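Trainee: sequence and predicted structure are below.
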Amino acid sequence: MRKPLIIMAAVLLATTACTSKKTEYASENGSIKAVHDERSGQWIITDSTGNELVTDYDSMRVTEVGEDGHPMTVCYYKKGHEIWLQYYTGMIPRSKGEIVNGQREGAWVFYYPDGTVQAEATFVGGRENGVYRVYRDNGVPFYIGNYTLGARTGTWEVYDEEGNLVEMKKYD
């Protein structure tokens, strides 16, 4: 009688060990969904149609979570490249770009909490370099200019709330 009890306990233990607890998080508008498998530690982040936002990567880790447990900073790694996706509370996109040696590198996009683009910039060694565009929360440009390794250069354009050019500033 003791043998069947041991076998039944082993089967129950094996079944429990194979089951994963998955927690799902979604943005309020449903545009982003994150599923966390607590057993494996794996996260899968998809858009509203179920397509993964970043594919073909070597590994991924969530480095910051919100109060409700949803990912706030997600790092994807591929062939030595580190891509960051950052979110506001409620899984609303905050920024996206690459990190190299702990600093921003290449093209980055920043978002307002409503999902519209706030700024687009290019970085070299953590410093702005190239065209820098900042938009108002209604989507029209606020200002556009150039950086050279963190310093403003050339002519910068400033726009009003309707997108009309109102000022030009020259930087050396």
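Mentor: That came in fine, so what should we check first? Numbering: from 1, shown residues only.

Trainee: now the spatially most central residue of the chain: closest residue in space, sequence neighbours ignored.
Mentor: The centroid of the chain falls nearest to Leu85 when counting by Cα atoms, centre = their mean (1.4 Å). Leaving aside its chain neighbours, Leu85 sits nearest to Val74 (4.5 Å; criterion: Cβ to Cβ, 6 or more residues apart in numbering). (Glycine included, C-beta is placed from N, CA and C.)

Trainee: which SSE is the one you found in?
Mentor: strand 71-78 (DSSP states H and E).

Trainee: show residues contacting the helix or strand just after that strand.
Mentor: The helix or strand immediately downstream of strand 71-78 is strand 81-88, counting by DSSP H and E. Strand 81-88 is contacted from outside by 32, 45, 53-54, 57, 64, 66, 70-77, 93-100, 113, using Cβ atoms under 8 Å, 6 or more residues apart in numbering.

Trainee: before we move on, what about stretch 65-76?
Mentor: By Cβ under 8 Å, 6+ apart, the residues outside stretch 65-76 that reach it are 23, 25, 34, 36, 43, 45, 54, 57, 59-64, 82-91, 94, 99.

Trainee: buried ones in that stretch, by neighbour count?
Mentor: 70-76 (16 or more other Cβ atoms under 10 Å).

Trainee: and for stretch 79-88?
Mentor: Neighbour count says stretch 79-88 has 82-88 buried, by 16+ other Cβ under 10 Å.

Trainee: likewise for stretch 148-158?
Mentor: Buried residues in stretch 148-158 (16+ other Cβ under 10 Å): 152, 156.

Trainee: same deal with stretch 126-142?
Mentor: Quick answer for stretch 126-142 (16+ other Cβ under 10 Å): 128-129, 132-136, 141-142.

Trainee: show me where the protein has strands.
Mentor: For the chain, strands defined by DSSP state E occupy the ranges 22-26, 32-37, 43-47, 59-65, 71-78, 81-88, 92-100, 103-111, 117-124, 127-128, 130-135, 141-148, 151-159, 165-171.

Trainee: redo these as TSV? Include mean pLDDT.
Mentor: Shown next, in TSV, are those (pLDDT from 0 to 100):
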stretch	mean pLDDT
strand 22-26	79
strand 32-37	78
strand 43-47	79
strand 59-65	84
strand 71-78	86
strand 81-88	88
strand 92-100	91
strand 103-111	95
strand 117-124	97
strand 127-128	97
strand 130-135	98
strand 141-148	97
strand 151-159	97
strand 165-171	97
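
Trainee: contacting residues around stretch 119-135?
Mentor: In contact with stretch 119-135 (Cβ under 8 Å, 6+ apart) are residues 97, 101-110, 116-118, 141-150.
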